[in-house]
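Novice: Return a 3D structure for these sequence lines:
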Amino acid sequence: MPGETFAPQLTKIRLHPIKALDPVEVSEARIGPNGGLALDRVWALYASDGHWIRGKRSPAVHLIRSRFAAGFRTVELIPPVGCTDLLPAQFSFPGDTAEAALWFTRYFGEAVTVRHAEEGLPDDDLAPGPTIVSTASLGAVCSWFPEITLEQARQRFRANLEISGVPAFWEDRLFSDEESRAVRFRIGGVEFEGSNPCARCVVPSRNPSTGKPTRDFQKRFGELRRAHLPAWSPAARFDHFYRFAVNTRTPASETGKALRSGDRLTLLT
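Specialist: Down below sits the predicted model:
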């Protein structure tokens, strides 16, 4: 809009090496072979029915802690306090899927398979690039739900990239009012295409450490998101308002390029 002086800047980069488990904040990340961030969601847990084990399916996921060594060479899995029949254990990452699967099998009490996919396992196969949110938008959600801290909001919505220097929901500019037309932008030296506002599941409604749900979260969030939708947000892209953050695609030409904390975001279209 005329007169704007915003300077969007990448301030946080978060990887989730094991789908549904803890994030790892890094200062630099490269674009992987499928357009997402390298090492993001490259391990996933599968039940015997072939479906992912994640927060949407099993709240017990929230109680597991994962700690990665420098360089992501190993991961330590830590069961919740009070779990007396399972100890913390360390596994080589990303190769030791079989031994890790045995640990998860004991934890969940059902057969679990751990699979490694170098290209990552995003929720949205049509827009597998990193998800983007602004610090101001996370802060707005915290104002709607005062019991949620800013760090908890980050953990609930699990976005890869966080930008500062803009007002709440500025990132809605990164998708257009037409599904067939992407918005092109650049962060540092990496080009992206903004796809759509991310539809959320039950996970953001739960405390990321305990799994305890926030009462009426989805209903209240949708009502407040709609009430606070900025003029620049393409309202036509909201079939419902339980949508937050932006899904992206990354052209194949960007594979291997690096994003760094501090990079500026520039709109190209």
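Novice: in the top strand by length along the chain, what's buried?
Specialist: Assignment by DSSP state E gives strand 190-199 as the longest strand of the chain. For strand 190-199, a neighbour-count test (16 or more other CB atoms under 10 Å) marks 190-198 as buried. From N, CA and C alone the C-beta is placed, and that goes for glycine too.
Novice: Stretch 169-184 too?
Specialist: By neighbour count on 16+ other CB under 10 Å, the buried set for stretch 169-184 is 169-176, 182-183.
Novice: Then stretch 87-97?
Specialist: 91, 93-94, 96-97.
Novice: which of those residues lies closest to Gly36?
Specialist: The nearest member of those to Gly36, counting by CB to CB, is Pro94 at 14.7 Å.
Novice: Next, the closest one: secondary structure please.
Specialist: The local conformation at Pro94, judged by DSSP: H, G, I helix; E, B strand; the rest coil, is coil.
Novice: Okay, now the unreliable bits of this structure?
Specialist: Filtered on pLDDT under 70, the chain yields the residue ranges 1-4, 269.
Novice: the domain parsing of it - what is it?
Specialist: 9-13+124-267, 43-116 (automatic domain parsing).
Novice: Kindly reformat those as a markdown table containing distance to Asn34.
Specialist: Formatted as a markdown table, the domains of the chain follow (distance: least, CB to CB, whole Å):
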| stretch | distance to Asn34 |
| --- | --- |
| domain 9-13+124-267 | 5 |
| domain 43-116 | 14 |
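Novice: Indicate which one of these is closest to Ala29.
Specialist: The closest of the domains of the chain to Ala29 is domain 9-13+124-267. By CB to CB, the value is 5.1 Å.
Novice: Tell me which two of the buried residues of strand 190-199 sit farthest apart.
Specialist: Val190 and Pro197 (21.1 Å).
Novice: Spell out which two among the buried residues of stretch 169-184 are the most distant pair, please.
Specialist: For these, the farthest-apart pair by CB to CB is Phe169 and Ala182; their separation is 18.8 Å.
Novice: so where do the helices sit in the stretch 51-200 of the chain?
Specialist: 97-108, 135-144, 150-157 (DSSP state H, counting those that start in this stretch).
Novice: residues touching Ile78, list them.
Specialist: Taking CB atoms under 8 Å, 6 or more residues apart in numbering, we find Ile78 in contact with 64-67, 88.
Novice: mind putting those residues in CSV, distance to Thr5 included?
Specialist: Below are the contacts of Ile78 laid out as CSV (distance: CB to CB, whole Å):
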residue, distance to Thr5
Ile64, 44
Arg65, 42
Ser66, 41
Arg67, 41
Pro88, 49
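Novice: Filter those down to the buried ones.
Specialist: Using 16+ other CB under 10 Å, the buried ones in those are 64, 66.
Novice: Which ones among the contacts of Ile78 lie within strands?
Specialist: Among those, the ones falling in strands (DSSP E) are 65-67.
Novice: is it true that Leu224 lies in a helix?
Specialist: Yes. Counting by three-state DSSP, Leu224 is part of a helix.
Novice: Not counting sequence-adjacent ones, nearest residue to it?
Specialist: Setting aside the residues directly before and after it, Leu224 is nearest to Trp144 in space (CB to CB, 6 or more residues apart in numbering), at 4.9 Å.
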